[in-house]
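Visitor: take this sequence and fold it.
(chains A and B)
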Amino acid sequence: MSRTWILDTETKGTGAQMVPLDKVVKQPDPKPLFVPRKRQPKPAPEPAPRPPRRFKVVDLSSREVLVEDADARTTLDLLGGIRSSVDVNVSVWEPSTQAWRLLTLGEKQMLWERRIAPD
Amino acid sequence: MAYSTEEARVQLLDDLAHAIDEIGVALAALGAAYELLDERTADQLEEELFRPVQVAYGRAQRTHASFAERHGLPGRTFEPSVAGRVSQGARSFVDAAAEAVGETEHLLAEIQDSMMPVEVGDAPLRAGLAEARELVAPLPARAHELVRVIGR
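Guide: Sure thing, here's the model as predicted:
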């Protein structure tokens, strides 16, 4: 089989020269190129389960603490026996600040709408 | 003489109860307005109006109950007020609240000016009246400021 010759113009300085084609064409790499897989990001650790919310209810008129550290059910039961939401202040325990936080009007209203009416 | 002193004390309690009812009207109106406002304005209303009115409501009720108790007079239960129709709009509710707190201040001032707290009252009553009046006094102006924000 006849050899194919081509003009190699890549040569610097001395000018182009004729070379066999098989010397110019790159032979395929016998080893397949290894492309490492992208590392899958580690799944975020599961957040710690949120402890149940604890509430404190204070009578506005007498300043008496009606319940403290009560769960939602107990709080809703208590609110069921109160005439108006404006008669009490409700706070929630914030574990992050380790302090009672007064519920906003909107939050208190949400709780008030779910209060359990006495039998 | 003892009878007329008791009568005067009952009158004083009635007048104070009237002022407390007005605070209740303001609270109901502010609660209704809160529901109709955007979050930012609602927060402003809560901080600048609702909370102080609620504190004044508690203070005035405490003053009423403790004075009645100290003098062996019957106390009173204060029923929650109804705000009105939602169609009135937030601005109208805040206006109503401003009017109610203005009326409260006027009623408390009348009680103080009547000299009854001096003649038939006592020191804790006078302190309670003064504190409640101090709490509501700046609120009509704040309410009008808020109405301007709502109106924009």
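Visitor: residues from chain A in reach of chain B?
Guide: Residues of chain A that fall close to chain B, judged by Cβ under 8 Å from any Cβ of the partner chain: A:60-63, A:83-87, A:89, A:104-106, A:109. For every residue, glycine as well, the C-beta is placed using N, CA and C.
Visitor: top of these by neighbour count?
Guide: Greatest neighbour count in the residues of chain A next to chain B, by other Cβ atoms under 10 Å in any protein chain shown, goes to residue A:86: 25 neighbours.
Visitor: and residue 92, which of the three is it?
Guide: Here I'm looking at chain A. strand (DSSP: H, G, I helix; E, B strand; the rest coil).
Visitor: from the residues of chain A next to chain B, which land in strands?
Guide: Under the assignment DSSP state E, the residues of chain A next to chain B contribute residue A:89 to strands.
Visitor: among the residues of chain A next to chain B, which two are most distant?
Guide: The span of the residues of chain A next to chain B, defined through Cβ to Cβ, is set by A:62 and A:106 at 25.4 Å.
Visitor: does anything pack onto the helix or strand of chain A with the lowest mean pLDDT? Which helices or strands?
Guide: The helix or strand of chain A with the poorest confidence is helix A:21-24; it has a mean of 78 (mean pLDDT, DSSP states H and E). For helix A:21-24, the packing partners by 3 or more Cβ pairs under 8 Å, 6 or more residues apart in numbering or on different chains; DSSP states H and E come out as strand A:5-8.
Visitor: ok, residues contacting stretch A:69-82?
Guide: Stretch A:69-82 is contacted from outside by A:52-57, A:66-67, A:85, A:88, A:90, A:93, A:111-112, A:114-118, using Cβ atoms under 8 Å, 6 or more residues apart in numbering or on different chains.
Visitor: now stretch B:61-79
Guide: Here stretch B:61-79 has contacts from A:60-63, A:83-84, B:6, B:9-10, B:12-13, B:16-17, B:20-21, B:24, B:121-122, B:124-125, B:128-129, B:132, using Cβ under 8 Å, 6+ apart.
Visitor: which parts of that stretch are buried?
Guide: Using 16 or more other Cβ atoms under 10 Å in any protein chain shown as the test for burial, stretch B:61-79 gives B:61-68, B:71, B:76, B:78.
Visitor: for those residues, which two are the farthest from each other?
Guide: Greatest spacing in the buried residues of stretch B:61-79, by Cβ to Cβ: B:71 and B:78 (18.9 Å).
Visitor: can you add distance to residue B:100 and give the residues of chain A next to chain B back as CSV?
Guide: Shown next, in CSV, are the residues of chain A next to chain B (distance: Cβ to Cβ, whole Å):
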residue, distance to residue B:100
A:60, 17
A:61, 18
A:62, 23
A:63, 24
A:83, 19
A:84, 16
A:85, 18
A:86, 13
A:87, 17
A:89, 21
A:104, 22
A:105, 17
A:106, 22
A:109, 20
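Visitor: and of the residues of chain A next to chain B, the nearest to residue B:117?
Guide: Residue B:117 lies nearest to residue A:61 out of the residues of chain A next to chain B, by Cβ to Cβ, at 19.9 Å.
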